[in-house]
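> Can you look at this prediction? I've put the sequence above it.
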Amino acid sequence: MGSCSCIGLTTIKPSCSKILISYKRSSLLGFRIPGYRNDSSVVNLTKTRFRVYGYCRGMHTCSENKGVGFRGFRDLSHLNRKGFSGSDLNWRFSRVLCKVASDYRNYSTSVESHVKDTSWEKIYIQGGLNVKPLVFDDSSSLDVNEKKETRIESEIEKEAWKLLRGSIVDYCGTPVGTLAAADPADKLPLNYDQVFIRDFVPSALAFLLNGEGEIVKNFLLHTLQLQSWEKTVDCHSPGQGLMPASFKVRNVPLDGKPGEFEDVLDPDFGESAIGRVAPVDSGLWWIILLRAYGKITGDYTLQERVDVQTGIRLILKLCLADGFDMFPTLLVTDGSCMIDRRMGIHGHPLEIQALFYSALRCSREMVTPNDTTKDLVAAINNRLSALSFHIREYYWVDMKKINEIYRYKTEEYSTEAVNKFNIYPEQIPSWLVDWIPETGGYLIGNLQPAHMDFRFFTLGNLWSIVSSLGTPKQNDGILNVIEEKWDDLVANMPLKICYPALEYEEWRIITGSDPKNTPWSYHNGGSWPTLLWQFTLACIKMKRPELARKAIALAEKRLSADEWPEYYDTRHGRFIGKQARLYQTWTIAGFLTSKKLLENPEMASKLFWEEDYELLENCVCGLGKHGRKKCSRSAAKSHIVT
């Protein structure tokens, strides 16, 4: 473990090994080199944990010093600096900085030197590029409501803000996230006392929409430092670029220094999780939040930093890696997303595909275009094109599609087969025949050979609307289904995580007799108030905010009185979940974010995507070269209704 003490400095002269930077416009150390443009990058660092303020030893730590805090520091990037090379590095900061000792670890935190090689794959980082988010520009906390009349907050909103602020977690004196739940009466918090990446997203949006960007910037940079931390399960390490599901700030005593403590960030990549499943969605949510930060604050310098750019690329490299799968969808294990227990969603679940599509669209906006990234950008465009066609063509069901499936022929062998996945008509469940409305439709939960999961998964469908993964007609049809089946999908508490629940023998086989996932509870048909903000965003995009207002009004009647529970049980969401945590932060944040989005629809428009017609023109399948009769682009274009 390394020690870290806070001291006042005017000139810092680190004695590290060579630092060679050929960036013509670099943000590696949190500043730009004046007078240069963005171009190729060459960085040679040793295995030292180099930071903007010095060195750090061991795990991601910072010593506690009660006399000095880090809040309120201004961005130092505007200060003039002397030129530097090799061992002469002079930065004149009249600030309080953190001096940290150095150490060498088995895992590397360096960027390997490839002076003549501009291929981004050679920029290899293990453990993250540890540029500590120590300084902040006040411009990152913009008042998004400054031109609007101040609305008087209700007592419930005031309570929610108080609880949200009370859940904030500090690391080295700076806010870095919010606890999953902060129930003072809970004596056994398990991992609910940690900061989860997916859980923090609604908290981050609430803060951003309220003009508070510091905590979000901190969160993005600190989680980036944890990317691909050295973790193993049964002597096997996860793929490079993996983001943790969560992290915890631990205050531990310093070795050999009685009475002194240090903060340690301890990430969980799934090695401690129930089922030991690594999170697939964490990196996708991180990219989505990074874009949201820039869109709402107008501060795009964060996403331009070289460590952030490298973090994006590592996530994409992990997701875009070639494998055995034939489909453009992302292949994942059960329990690797919001539904983090066994629920029969292994393979190609809709939720992951919608988040994957969103992350790709975010990345296409944020990746710095140059010779190094042109292949990556091409791969993003190709995957976006193929993924949108695949989901729109094969995941969509409505009355017309179900009638087609009902008359499918099976065992078709040819490239011209209609029933491409060999779906047996007997798979159509009896509940669906009576449930599907005459108008509208939705995207099914999963598709695999000889298997269609016809359940309605709310998050995947809502995020398909937000990201325009579905066509405009399909997006409208999804909201039609929610409105038509309001008593099933919303009822007394928005919104069902999936419908219908698994029951009887099906529940026993698919969930493994999971006592927490009993029918109409938890992930098995439970009602989750945190889905409210995504429903609100989808409604605003489709110009149907009245549906969101109706759902918010339902939630507002109960959430505070019920002490902000994690989820609700029973078919109509009447009971507080039998194992639900109270004062669940993303329940609180989801409610506040929904209110803010309705109040600021122009801000909401920054968080969703419209149809990208260029993707429909991007044919990469090359079917014509092999004598096949038609290209999938024609089918994809046929879906579009203007």
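Perfect, I can see it now. From a predicted model like this one, the values you see are computed outputs, not experimental measurements.
> alpha carbons only for contacts and neighbour counts from here, please
OK.
> Just give me the longest helix of the protein.
helix 374-394 (DSSP state H).
> Which residues are in contact with residue 390?
Neighbouring residues of residue 390 by C-alpha atoms under 8 Å, 6 or more residues apart in numbering: 328-329.
> so how far is residue 330 from it?
Separation of residue 390 from residue 330 (C-alpha to C-alpha, to the nearest Å): 12 Å.
> So what pairs up with residue 181 in the strands?
Residue 181 has the following beta-bridge partners by DSSP bridges: residue 584.
> Pretty sure it sits against residue 587.
No - counting by C-alpha atoms under 8 Å, residue 181 stays clear of residue 587, with 9.2 Å between them.
> sec struct for residue 169, please.
State at residue 169, reduced to three classes by DSSP: H, G, I helix; E, B strand; the rest coil: strand.
> correct me, but it touches residue 181?
No - between residue 169 and residue 181 there is no contact under C-alpha under 8 Å: 11.5 Å.
> These two - which one has more neighbours?
Relative neighbour count places residue 181 above the other of residue 169 and residue 181, with 27 against 19, counting by other C-alpha atoms under 10 Å.
> Now do the same for the more buried one: its pLDDT.
As predicted, residue 181 sits at a pLDDT of 98.
> gap between the strand or helix carrying residue 597 and the chain center?
Here residue 597, judged by DSSP states H and E, is contained in helix 585-599. Distance of helix 585-599 from its chain centroid, counting by C-alpha atoms, centre = their mean, to the nearest Å, is 17 Å.
> What lies in contact with stretch 572-588?
With C-alpha under 8 Å, 6+ apart, stretch 572-588 has contacts from 160, 163-164, 167, 178-183, 199-200, 202-203, 487-488, 490-493, 516, 521-522, 526-530, 562-569.
> Would you mind writing the CA trace of stretch 566-574 as PDB?
Output of stretch 566-574 as PDB, limited to C-alpha atoms (Å, rounded to 0.1, in the frame of the first residue of the first chain):
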ATOM      1  CA  GLU A 566     -35.800  -1.300  -4.500                       C
ATOM      2  CA  TYR A 567     -38.600  -3.100  -6.100                       C
ATOM      3  CA  TYR A 568     -42.300  -4.200  -5.600                       C
ATOM      4  CA  ASP A 569     -43.900  -7.600  -5.600                       C
ATOM      5  CA  THR A 570     -47.100  -9.200  -6.900                       C
ATOM      6  CA  ARG A 571     -48.700  -9.100 -10.400                       C
ATOM      7  CA  HIS A 572     -49.900  -5.500  -9.900                       C
ATOM      8  CA  GLY A 573     -47.000  -4.200  -7.800                       C
ATOM      9  CA  ARG A 574     -49.000  -3.700  -4.600                       C
END
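> now that stretch: mean pLDDT?
98.
> Now do the buried residues in that stretch.
Within stretch 566-574, the residues scored as buried using 16 or more other C-alpha atoms under 10 Å are 566-573.
> Residue 252 sits in which helix or strand?
Using DSSP H and E, residue 252 falls in strand 246-253.
> Got phi/psi on residue 456?
phi -90, psi 110 (degrees, to the nearest 10).
> from here on, count from 94
Sure, I'll start counting at 94 from here, so that last one is residue 549.
> Could you give the bridge partners of it?
residue 537, residue 592.
> That one: neighbour count?
Neighbours of residue 549 (other C-alpha under 10 Å): 26.
> Can you give me the pLDDT of it?
So residue 549 comes in at 98 (pLDDT).
> State the distance from it to residue 446.
Counting by C-alpha to C-alpha, the gap from residue 549 to residue 446 is 15 Å.
> got it, and residue 508?
Taking C-alpha to C-alpha, one finds residue 508 at 25 Å from residue 446.
> can you pull out the strands in the stretch 194-343 of the chain?
261-264, 267-271, 288-289, 339-346 (DSSP state E, counting those that start in this stretch).
> Can you spell out which helices and strands pack onto the longest one?
Judged by 3 or more C-alpha pairs under 8 Å, 6 or more residues apart in numbering; DSSP states H and E, strand 339-346 is in contact with strand 261-264, strand 288-289, strand 354-361.
> what is the mean pLDDT for the last one?
Per-region confidence: strand 354-361 scores 93 on mean pLDDT.
> and if you look at the first one?
What strand 261-264 shows for mean pLDDT is 98.
> Buried ones in it, by neighbour count?
261-262, 264.
> will you turn those into CSV that also has distance to residue 689?
Conversion of these to CSV gives the following (distance: C-alpha to C-alpha, whole Å):
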residue, distance to residue 689
261, 19
262, 23
264, 27
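> What is the burial count for residue 329?
Using other C-alpha under 10 Å, residue 329 has 8 other residues around it.
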